[in-house]
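Visitor: got a predicted structure here, sequence first:
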Amino acid sequence: MNEERILIRRAGPLHGEVVIPGAKNSVLKLMAATLLADGTSTLTNVPDIGDVGIMAELLAAIGVRSEWAGAGTLRLVNDGDISPVAPYELVERIRASINVLGPLLGRFGRVSLSLPGGDDFGSRPIDMHLRGLEAMGATFELQHGVVEARAERLHGADITLDFPSVGATENILTAAVHAKGTTVIDNAAREPELSDLCNFLVSMGAQIEGIGSSTLVVHGVQPGDLHAADHRVVADRIQAATYLAAVAVSGGEVTLRGACAEHMEMLLRRFHDMGLTVTTVGDGLAVWANGRLRSIDVATLPYPGIATDYKPLIVTMLSVADGVGIVTENLYPGRFRYVEELQRLGADIRADGHHAVVRGVPHLSGAPVRAPDIRAGAALIVAGLAAEGDTTVTGVHHIDRGYDDLVGRLAALGADIERVPAS
Ligand code: EPU
């Protein structure tokens, strides 16, 4: 039996408009934050992706119900009947499950959470999350793979993160909103999705200063003082970058409605260096590409640097660019697995530890490949657009975890791409 796959053929320039959905790495955290207050919160611009469904299942097991109220609108109902236990079967499916820790610990003083596993691109420790919460008075005990977290009422603390970890900043922040006193998080992550979470928390009644900066100051409120709120999810900069990369390797002219240039500043500068023309238009971006891309060197860094999640797309673009590019990964040492798949398509890449040297070739050549994770899966689809002949991508469920109808949206722009059901 053949599993479901995506079939891509090179089809020339892309044209038209694409609407950029809300960000996976924001909506999952916003959903977890609804544990902080009783009532019904409504999120809009919610992407229709697999991970939203998994987070909804996890929250349902804990006591918050999710229901779609039309396309892109998700209602989360918290009746106050919460059981602060995150079971292994759900936690192991999604990294963002760790985001229930902060809200539950801060509000209820106890959580029983299965330890999240690693990803295909390496181990993903949570030591910074735990150290920050310990400084606020929490205790942790690990038994049989389950972290038992306890706290009377958390207290404010001055916490300096060793590294601006997105997840650690979020967990400390969502715990601090209910702590007694003031918490200062220094070297905090500054990703736009984190600011989106801060803004949601503020609309729930939290008191946060320094939003968007690397020092967040949180004045705790009494448990019970936060209320449900409505919020529009920030646009997904990684999905936006995926459409930019698709145009970059195919040529053409496309408008990305809803994409936010300000959140992608550094990336857009580097894409400009590669020969892409990107301009801001009314409520989004317009991209124009014609001719072969130029190679550049790129290093990933926490925001506002070039995000690690863009990297598979950049490596794919460099695979067909003119010249040699060196890509340095500073976040996840193992995040080069998809390189072997790109090599199957004829890319000339040497990857070693944190570095990859990419020598551009004029064209890739289609072949069957497998998506090892969400971002690499999307990059393999972009590679298929640049390859002569048929490319088939399996491991489609990874792509569906984070992309809202990537295949339909690319097809609407003129790409020759379709889903082939399992047979
Ligand atoms: N780290 C530690 N200890 C910790 C926390 C992090 O050593 O306690 C290390 C990690 O191992 C990693 C680095 O710090 O090397 C960065 O991790 P971070 O905590 O910033 O990442 P995350 O919160 O686990 C989120 C996104 C990832 C994205 C990273 C970096 C979600 C659900 N995930 O992960 O997105 O790559 O930030 O920007 O928000 C994806 O969407 O496919 C994805 C993997």
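Guide: Done, it's in. All of these numbers come straight from a predicted model, not from anything done at the bench.

Visitor: give me the phi and psi for Met55.
Guide: Note on Met55: backbone dihedrals following degrees, to the nearest 10 are phi -60, psi -40.

Visitor: and stretch 315-331, how far apart are its ends?
Guide: Stretch 315-331 has an end-to-end distance of 16 Å (criterion: Cα to Cα, to the nearest Å).

Visitor: is any part of it close to the ligand?
Guide: Yes: counting by Cβ under 6 Å from any ligand atom, contacts between stretch 315-331 and the ligand involve Leu331. Heads up, the C-betas are built off the backbone N, CA and C, glycines and all.

Visitor: any idea how far that stretch is from the chain center?
Guide: Centre-to-centre, stretch 315-331 and its host chain are 21 Å apart (Cα atoms, centre = their mean, to the nearest Å).

Visitor: for that stretch, buried residues please.
Guide: Within stretch 315-331, the residues scored as buried using 16 or more other Cβ atoms under 10 Å are 315-321, 325, 327, 329, 331.

Visitor: ok, now stretch 302-314?
Guide: The neighbour-count check on stretch 302-314 (16+ other Cβ under 10 Å) flags 302-303, 306-314 as buried.

Visitor: near the ligand, which of these show up?
Guide: Answer for these near the ligand (Cβ under 6 Å from any ligand atom): 307-309.

Visitor: for the residues you listed, give me CSV that also has pLDDT, distance to Leu413 and secondary structure.
Guide: Output for those, formatted as CSV (pLDDT from 0 to 100; distance: Cβ to Cβ, whole Å; DSSP: H, G, I helix; E, B strand; the rest coil):
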residue, pLDDT, distance to Leu413, secondary structure
Ala307, 97, 23, coil
Thr308, 95, 26, helix
Asp309, 96, 22, helix
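
Visitor: which one of these is nearest to Thr34?
Guide: Nearest to Thr34, judged by Cβ to Cβ, of those is Asp309 at 24.6 Å.

Visitor: state the distance from Glu265 to Pro192.
Guide: Distance check for Glu265 against Pro192: by Cβ to Cβ, to the nearest Å, it reads 11 Å.

Visitor: more neighbours: which of those two?
Guide: Pro192 (20 against 10; other Cβ atoms under 10 Å).

Visitor: skipping adjacent residues, who's closest to Tyr303 in space?
Guide: Glu191 (4.4 Å; Cβ to Cβ, 6 or more residues apart in numbering).

Visitor: what's the one you found sitting at in phi/psi?
Guide: Glu191 has phi and psi values of phi -60, psi 150 when expressed as degrees, to the nearest 10.

Visitor: cool, Asp230 as well?
Guide: According to degrees, to the nearest 10, Asp230 has phi -110, psi 150.

Visitor: who's in contact with it?
Guide: 41-44, 203 (Cβ atoms under 8 Å, 6 or more residues apart in numbering).

Visitor: pLDDT and secondary structure for these - can I get that in CSV?
Guide: Shown next, in CSV, are these (pLDDT from 0 to 100; DSSP: H, G, I helix; E, B strand; the rest coil):
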residue, pLDDT, secondary structure
Ser41, 98, strand
Thr42, 98, strand
Leu43, 98, strand
Thr44, 98, strand
Ser203, 98, helix
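
Visitor: just the buried ones from these, in ChimeraX syntax?
Guide: Typed into ChimeraX, the line below selects the buried ones among these, using 16+ other Cβ under 10 Å:
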select :41,42,43
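
Visitor: biggest separation within the contacts of Asp230, which pair?
Guide: Thr44 and Ser203 (12.9 Å).

Visitor: re the thing from before, of the buried residues of stretch 315-331, which is the nearest to the ligand?
Guide: Leu331 (4.8 Å; Cβ to the nearest ligand atom).

Visitor: what's the closest non-adjacent residue to that closest one?
Guide: Per Cβ to Cβ, 6+ apart, closest to Leu331 is Thr308, 4.2 Å.

Visitor: quick check: which element contains Val147?
Guide: According to DSSP states H and E, Val147 maps onto strand 146-150.

Visitor: that's a helix at Ala246, yeah?
Guide: Yes: the assignment for Ala246 is a helix, going by DSSP: H, G, I helix; E, B strand; the rest coil.
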